[in-house]
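A.B. asks: My questions are about this predicted structure, shown below with the sequence.
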Amino acid sequence: MNSLAKLLEAALFASPRPIPAEELAGLDPDVSVKDVRAALEELRLMFDDGGHGVELVEQGGGWQILTRPEYTEAIERARFASRPQRLSGAALETLAIIAYRQPIGRAEVADIRGVDAGAILKSLLERGLVEVVARGEGLGRPLLYGTTPLFLEQFALRHLEELPRVDELAIALRREPQPL
Amino acid sequence: MNSLAKLLEAALFASPRPIPAEELAGLDPDVSVKDVRAALEELRLMFDDGGHGVELVEQGGGWQILTRPEYTEAIERARFASRPQRLSGAALETLAIIAYRQPIGRAEVADIRGVDAGAILKSLLERGLVEVVARGEGLGRPLLYGTTPLFLEQFALRHLEELPRVDELAIALRREPQPL
Amino acid sequence: MDDVSDAPVAGAYEGSFVVELAHFNGPLDLLLSLIRDEKIDIYDIPIARVCEQFLVRMRDLELNDAAEYLEMAARLLRIKAHLLLPRRESDDAWEDPRAELVRRLLEYQQMREVVYVLERLGEDRRNRFARTYSPELTAPPQAPLALSLAELLVAVDRVLRAAKKPALHEVVRRALDVDGAITTIRAVLALRQRARWRDVVRVNAEPWEVLSALLALLELARRNELSLAQPKPFADVEISRELAGEAA
């Protein structure tokens, strides 16, 4: 491996979070983002070809080394690491609505779900999956919520556009354009 | 690499602490500690020969994959150069209390948070987000703190009155009926 | 098939309400599952039948106390009644009363589809571990700060919730206690014929006490229980049990 790829491997190993290519380029004043992308590709192939227990993935707005899924069970059983708790169906519903309609207020979320989402919103805020991104117009200037980078990371998305487009869903809705 | 070595790589990567060989043997009921030691050796050689940014070391009572020393400086430099730090939750809470209650003394902050805020206050002072604005009445004439112009700048506020009113927040985030 | 059978732990808890709510994510979810089970065309919902089924399921699942489900049941009944109203042929203005419900169901169904996608992606990610070891860092140079108002607001919320008492709300206007002041004044006047302002309001009284006393005096004077007089401007007010009659 070339020295940039080695440096990137070290940096990605040291980070618990995904790092964008632009930020990785900051590791060495003499390299461009293009150089970084080429080295990342080399690194990715190295992990894939050499038969490694980890792999390099692009997601959550950056690049990250993760363990391969086939080892998860053994690692968890031996208690070296544990998986985060699964989100409830209600929490996923709320997340889905916020992801597609952001910025969106609590009342609107409740409208779509047919159930109040106060407690769920609070726990999503605490988990860092959504955040207050603005305040709405209108009565009381309600808080508006949006998804966070951690949301992308926990759902292995590179960016929000990776979610299926509304017109790609089996149920094509929204005949009238919704002003956001 | 053989499959045990791959599993060990994944486990060592995922673990927050060094793991002894005996414990690593717990990953797979069919392997002995001797097998593990052989696989660790294979892993160590792979990292050393292949020209990697990380290495396998035995230290702290166990085995651990660590960034090679020659890269740590660049990584730390890049981390602090490009990654703006976030304030801890406790620091944000203290800052929030000061913002809404200024001028306020340390004892009162501690009262609201339920823990002493001395160290946090000091770091907020060092960062220039709060300052001493007056001395209170009463015993010992305690120092009273308030926010600085830098605080406004950091939160993109023109003046303190632009902070959302707390009672609105309380209504939006706190007073919802708990359905369960 | 029993309607409850797909609710795995129904009855396992005292309040099966909790379990059911966890099972169905709300009235739309319940309605949608009913439409699916009964193989109903969502664009042409037989409201009378669906309404009846919905009520049956609500009863079976013991959802009768859940406001959201009750509201949906009421809505269905309303639509049903609306459909029974006679309408003239070629009534252009007529709008299918089911339209809004269909729109909401479709919207909800669409969102369920996204939930399915998220579930799959989330499960995939959950099965991979990221690095968790963090080495001791050397003392960092002062890094730039990344602060957002959102973070601050969430912190405010945490403080509010953690505070033992609502400390951020303690600036409450003290209510006046006119009745208390009336009692005090009557007590004073029971002991003596005349009293002064200083006898009914303590020294260093807080503004609310002064105001309460003043209102109490005016009220008692109005009720002819006492008379008030002030010999000259700024002089002490004299309170007397003797009524001054009409002249007061």
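C.D. replies: Thanks, I have it.

A.B. asks: what's the spacing between A:Ala5 and A:Asp30?
C.D. replies: Noted for A:Ala5: a distance of 15 Å to A:Asp30, by CB to CB, to the nearest Å. In short, each C-beta sits where N, CA and C put it, glycine included.

A.B. asks: Neighbour count: these two, which is higher?
C.D. replies: A:Ala5 (22 against 7; other CB atoms under 10 Å in any protein chain shown).

A.B. asks: give me the low-pLDDT residue ranges for chain C?
C.D. replies: In the predicted model of chain C, residues C:1-22, C:65, C:88-91, C:134-146, C:161-174, C:243-248 satisfy pLDDT under 70.

A.B. asks: Which parts of it are strands?
C.D. replies: All strands of chain C, identified by DSSP state E, fall at C:194-196, C:227-229, C:238-240.

A.B. asks: Would you mind saying which of these lies nearest chain B?
C.D. replies: Among the strands of chain C, strand C:194-196 comes nearest to chain B, with 32.7 Å by CB to the nearest CB.

A.B. asks: tell me what that closest one is packed against?
C.D. replies: In terms of contact count using 3 or more CB pairs under 8 Å, 6 or more residues apart in numbering or on different chains; DSSP states H and E, strand C:194-196 is assigned the packing partners helix C:178-191, strand C:238-240.

A.B. asks: Just give me the longest helix of chain C.
C.D. replies: In terms of residue count, the longest helix belonging to chain C (DSSP state H) is helix C:99-126.

A.B. asks: hmm, that one touching chain B?
C.D. replies: No - remark: helix C:99-126 sits outside contact range of chain B, by CB under 8 Å from any CB of the partner chain, the gap being at least 12.8 Å.

A.B. asks: buried ones in that helix?
C.D. replies: C:101, C:104-115, C:117-119, C:121-122, C:125-126 (16 or more other CB atoms under 10 Å in any protein chain shown).

A.B. asks: Can you pull up the most central residue in chain A?
C.D. replies: Centre of chain A computed as the mean C-alpha position; nearest residue by CA atoms, centre = their mean is A:Leu152, 1.2 Å away.

A.B. asks: could you measure it against B:Tyr145, distance?
C.D. replies: Using CB to CB, one gets 37 Å for the distance from A:Leu152 to B:Tyr145.

A.B. asks: Same check on C:Ile45?
C.D. replies: From C:Ile45 over to B:Tyr145 (counting by CB to CB), the distance is 62 Å.

A.B. asks: who's more crowded, those two?
C.D. replies: Between C:Ile45 and B:Tyr145, counting by other CB under 10 Å, B:Tyr145 is the more crowded of the two (26 against 21).

A.B. asks: ok now do that one, which residues does it touch?
C.D. replies: Contacts of B:Tyr145 were listed using CB atoms under 8 Å, 6 or more residues apart in numbering or on different chains, and they are B:98, B:102-106, B:109, B:121, B:125, B:130-133.

A.B. asks: C:Ile185 too?
C.D. replies: When contacts are counted by CB under 8 Å, 6+ apart, C:Ile185 touches C:Ala195, C:Val200, C:Ala213, C:Ala216, C:Leu217, C:Leu220, C:Leu226, C:Ile239.

A.B. asks: Please apply the same query to A:Ala78.
C.D. replies: B:Ala11, B:Glu23, B:Leu24, B:Gly26, B:Leu27.
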